[in-house]
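K.L.:
For reference, the sequence and a predicted model appear below.
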Amino acid sequence: MNLEEIKNNIIKSAQEKLNRHRVMGAKTKLSIMEVAELLDIISGNADNARVAPGDLIGNYSLN
């Protein structure tokens with residue numbers, strides 16, 4: 001898996017998380033800051049995002 005695939009997986013996971021957030025409406029557990037960070041990841045402005053990759057793609061190993 002190369003870095004481009006990892007980046008695409010993170011973006012896809014962020015989009016899925018936002019879609020679940022949208023469907024859940026007021027019952028969502030995401031804060032406004034988490035939503036903003038996910039939007040930054042999707043738009044490519046995530047240089048300072050605090051969402052860890054593990055939060056988006058689960059457990060992974062570079063081995």
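P.N.:
The structure has been received and is ready for your questions.

K.L.:
can you give me the helices for this structure?
P.N.:
Ranges of helices in the chain, per DSSP state H, are 3-24, 32-43, 53-57.

K.L.:
Can you flag the weakest of those helices by average pLDDT?
P.N.:
Mean pLDDT across these is lowest at helix 53-57; the value there is a mean of 58.

K.L.:
hmm, back to that, turn the helices of the chain into CSV, including mean neighbour count.
P.N.:
For glycine as for every other residue, the C-beta is placed from the backbone atoms N, C-alpha and C. Shown next, in CSV, are those (neighbours: other CB atoms under 10 Å):
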stretch, mean neighbour count
helix 3-24, 14
helix 32-43, 16
helix 53-57, 14
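
K.L.:
In this structure T28 contacts H21, no?
P.N.:
Yes. Under the criterion of CB atoms under 8 Å, T28 makes contact with H21 at 4.7 Å.

K.L.:
who touches the nearest residue to L18 once chain neighbours are set aside in this structure?
P.N.:
Spatial nearest neighbour of L18, chain neighbours left out: L38 (5.3 Å); criterion: CB to CB, 6 or more residues apart in numbering. Counting by CB atoms under 8 Å, 6 or more residues apart in numbering, L38 touches A14, K17, L18, H21, L30, V51.

K.L.:
can you do 6 Å?
P.N.:
Shown in contact with L38 (CB atoms under 6 Å, 6 or more residues apart in numbering): A14, K17, L18.

K.L.:
For I6, state which of these is nearest.
P.N.:
The shortest approach to I6 among the contacts of L38 belongs to A14, at 12.7 Å (CB to CB).

K.L.:
quick one on the thing from earlier: going by distance to E4, which of the contacts of L38 wins?
P.N.:
Closest approach to E4 among the contacts of L38 (CB to CB): A14, at 15.7 Å.

K.L.:
Wait, that closest one touches I42, no?
P.N.:
Yes. Here A14 reaches I42: they are 5.3 Å apart, a contact under CB atoms under 6 Å.

K.L.:
Which residues are in contact with each of the two?
P.N.:
Common neighbours of A14 and I42 (criterion: CB under 6 Å, 6+ apart): none identified.
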